[in-house]
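Undergrad: Sequence and computational prediction follow.
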Amino acid sequence: MAEKGFGAKEINLIGSSGTPTIESPGNLNLNANNVAISTNVSIGGTLTVSGNISIGGTLTYEDVTNIDSVGIVTAREGVVIPDNKALSLGNRVSGSTLGDLRLYHDTNNSYIDEIGSGNLYIRNNTNNSIFCQTSGKVELYYNGNDKLATTNTGVSVTGTLAATTFSGSGASLTNLPAANLTGTLPAISGANLTGIAVTEAPVTDYTITGDGSHYYFHGGGVDETAGDPDLYLIRGQKYRFNNTTGSSHPFEFRVSSGGSAYSNGVSGDDEGVQFFTVPYDAPPSIVYQCTVHSGMVGNIYISGGQYHTRPNNLCLQYTRSSSNVTTGSVIYNTEVFDVGDSNAYNTSNGEFTAPITGIYRIQFEHFSAGAGRATANIEKSTDGGSSWSVIKIGMRVYSQASGADWSSVPTIYYAQLNANDKFRITHREGTIHLNTPWNHLTVELVQ
C-alpha cells in the first residue's frame, strides 16, 4: 500500500472496555509545538529525550534504584538527604555501605567519614588545610605548611605557640630559654601555699669538661688548664657539678680511687648535673673519678664543720683510779672532759679514733710501781684496721723504791692521723701504775 497522509483536528479513541492501541511498524513521531498528556503515562521500555524535560510539579522516583547521568545534574533549590542517610562518594562497596567518603547527619550530629583505604585531606585550592591520617596523626596547616600535629604522646608544634593565658601545672615544661621569657609575673599571696621545698643556691658552680685522660674544671677559682685538679670543699656547703661530657665520662664521687661510691649528700645524674651538700660527718678527703676511664681521678679535700668552728677545737682528757698494768692496753677509763662530746676515746678498750684528719697532740703519764722502770708504747692502726704498729716509745719512768717515792714523767707526741685512724697506749715493760689525780691521757687536735 502506498504511504498516504491525512489531516485531522482531533482524534478520539473511545470504547466501552479494553485499551485502545496505536501501532506502527517503525517509529511513531509526534511533531507539534507541545504534546500535552493530561493523564498518567506508562512507559515499558526506555524513554529517550534529546531535548529538555521540564517538570512543573514533583518528580517522584520511589521505585528507581539508580539514576545514571553522563552530564551534570543541577538541583536549583539544593539537595536534601534525610537523617541517617549518607551522601557517598567513591567506588567502594562493602555490603550495604557504599562509597569511600560519606557525609551524613543522624538525628543529632553531622559526620564526615573517610572509610576507604586512604587518608582524608581538606584543602584550600591545592594547599592542605587539614590532613587526617587513617589510624594516625592529624595535621593543621597554614598556607600549605604544617604547624600542629597530634602524636601518640601529645601535640607537636612547628613555630611559635602563642597563648593569652596558661592554666595548669608547668612541672613537665623543660628547656625554656631564659632569653625568650618576657613579661612580669603577677603578684600573688603565698599565704595558702603549702608543700613548697626551700632550696639554697650552691656556693660554687663547677662546669666539667674532659678529654679521656683528664677532667677540667671551670669555676670556683680552679686552674682551668689543670687536669684532674684538687678541689677543696667545706662541710655544710652545697656545690653544683655540671658534667658536660655526658655518658662519655660519668663523674662519680668515691671514697677512694677505684673504691665504692660516696653518696651522702649527693643528688642528680653523674652524666649531667649533680649537687653535693657536704655532710658534717664527711671524711677529710674523697675523690672524683670517671666510671669509664679510671685515670680520670682527682682529690677532694673537705674541711670545716663541727671541730673547726669551735674556739678550742677537739680536746679531751681521761684519768684512772689506782690500777697496775703489766700487759695489754693501758686504759684511762674516767672522763675528765671532752670538748664537744666527741666520744672519740673508748674507755672499754682504750682506743682513740680520729674523727677527722689532722695533727693530734698526745700526752699521757703513769708511775712505775715498785723499784725499777716502766715504759708504754703509742700504737697506731690505719683506717680502723686490726693491724697495729708502734709509732712512739714512751718515756721510761723510774722508781727508786716501793712506797711513796714514785716519779712520773709525761710522754708528749704529735701524731698525724687520718679520719678513722686509731691509736692506743700499750704496756712495754715493768709495772705501770695509774692513779688519779696524778696520771692522765690528754688528746688535742691542734691542726
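TA: Nice, thanks for sending it over. From a predicted model like this one, the values you see are computed outputs, not experimental measurements.

Undergrad: Next secondary structure after the longest strand along the chain?
TA: For the chain, the longest strand by residue count, based on DSSP state E, is strand 372-381. On the C-terminal side of strand 372-381, the closest following helix or strand by DSSP states H and E is strand 388-393.

Undergrad: Start from the N-terminal end of the stretch 101-250 of the chain and give the strands.
TA: 101-105, 110-114, 120-124, 127-132, 138-142, 145-150, 155-157, 204-210, 215-218, 231-234, 238-243 (DSSP state E, counting those that start in this stretch).

Undergrad: Just list the residues touching the closest residue to Thr134 other than its chain neighbours, thanks.
TA: Take Thr134 and drop its neighbours on the chain: the residue closest to it by C-beta to C-beta, 6 or more residues apart in numbering is Asn119, 5.6 Å away. In this view, the C-beta of every residue, glycine as well, is placed from N, C-alpha and C. Asn119 sits next to Phe131, Cys132, Gln133, Thr134 when contact means C-beta atoms under 8 Å, 6 or more residues apart in numbering.

Undergrad: next one: Asn127
TA: Tyr141, Asn143, Gly144.

Undergrad: where's the nearest residue to the last one once chain neighbours are set aside relative to Ser342, distance?
TA: Spatial nearest neighbour of Gly144, chain neighbours left out: Asn127 (3.6 Å); criterion: C-beta to C-beta, 6+ apart. As judged by C-beta to C-beta, to the nearest Å, Asn127 and Ser342 stand 80 Å apart.

Undergrad: Could you turn the buried ones of the contacts of Asn119 into a ChimeraX selection?
TA: Buried members of the contacts of Asn119, defined by 16 or more other C-beta atoms under 10 Å, are picked up in ChimeraX with:
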select :131
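
Undergrad: now, which of the contacts of Asn119 sits nearest Thr319?
TA: Gln133 (88.6 Å; C-beta to C-beta).

Undergrad: so how far is Arg254 from the closest one?
TA: Taking C-beta to C-beta, one finds Gln133 at 52 Å from Arg254.

Undergrad: Buried residues, the longest strand of the chain. List them.
TA: For strand 372-381, the neighbour count (16+ other C-beta under 10 Å) marks Ala374, Thr375, Ala376, Asn377, Ile378, Glu379, Lys380, Ser381 as buried.

Undergrad: count of residues packed around the residue nearest to the last one when sequence neighbours are not counted?
TA: Just to be clear, that refers to Ser381. Using C-beta to C-beta, 6+ apart and skipping residues adjacent in sequence, the residue nearest Ser381 is Lys422, 4.3 Å away. When neighbours are counted by other C-beta atoms under 10 Å, Lys422 registers 20.

Undergrad: now the angle between strand 388-393 and the longest strand of the chain, please.
TA: On the basis of axes from the mean of the first three to the mean of the last three C-alpha atoms, to 10 degrees, strand 372-381 is oriented at 130 degrees to strand 388-393.

Undergrad: And strand 372-381, what does it pack against?
TA: Under the contact definition 3 or more C-beta pairs under 8 Å, 6 or more residues apart in numbering; DSSP states H and E, strand 372-381 sits against strand 388-393, strand 397-399, strand 411-417, strand 422-429, strand 432-434.

Undergrad: how far is stretch 146-166 from where the chain is centred?
TA: Centroid displacement of stretch 146-166 relative to its chain, using C-alpha atoms, centre = their mean, to the nearest Å, is 22 Å.

Undergrad: isn't Leu28 right next to Ile22, touching?
TA: Yes - with contact defined as C-beta atoms under 8 Å, Leu28 counts as touching Ile22 (6.9 Å).

Undergrad: about what we covered before: if I look at the residue nearest to Thr134, how far off is Phe131?
TA: Distance of Asn119 to Phe131, computed by C-beta to C-beta: 7 Å.

Undergrad: Let me see the residues that make contact with the worst-scoring helix or strand of the chain on mean pLDDT.
TA: When the helices and strands of the chain are scored by mean pLDDT, DSSP states H and E, strand 93-94 comes last with a mean of 72. Residues from elsewhere that reach strand 93-94 (C-beta under 8 Å, 6+ apart): Ile115.

Undergrad: mind starting the numbering at 44 from now?
TA: New numbering, starting at 44: the last item is strand 136-137.

Undergrad: right, and the helix or strand after it?
TA: strand 140-141.

Undergrad: Outline the domain layout of this structure.
TA: Split into domains by automatic domain parsing, the chain comes to 163-200, 247-346, 358-488.

Undergrad: Please name whichever of the ones you listed is nearest to Ile110.
TA: Between Ile110 and those, the tightest spacing by C-beta to C-beta is seen for domain 163-200, at 26.9 Å.

Undergrad: quick one: average confidence on that closest one?
TA: For domain 163-200, mean pLDDT is 86.

Undergrad: Which positions within it qualify as buried?
TA: By neighbour count on 16+ other C-beta under 10 Å, the buried set for domain 163-200 is Leu163, Asn171, Phe174, Glu182, Leu183, Tyr184, Ala192.

Undergrad: ditto for stretch 337-344
TA: Met339, Val340, Gly341, Ile343.

Undergrad: now, which of the residues you listed sits nearest Arg278?
TA: Out of these, the member with the shortest distance to Arg278 (by C-beta to C-beta) is Ile343, at 12.0 Å.

Undergrad: Quickly list what the closest one is bridged to.
TA: Assessed by DSSP bridges, Ile343 has beta-bridge partners Leu274, Ile329.

Undergrad: residues touching it, list them.
TA: Contacts of Ile343 (C-beta under 8 Å, 6+ apart): Asp273, Leu274, Tyr275, Leu276, Phe296, Ser328, Ile329, Val330, Tyr331.

Undergrad: Apart from its chain neighbours, what residue comes closest to the fifth one?
TA: I take that to be Phe296. Per C-beta to C-beta, 6+ apart, closest to Phe296 is Tyr305, 4.4 Å.
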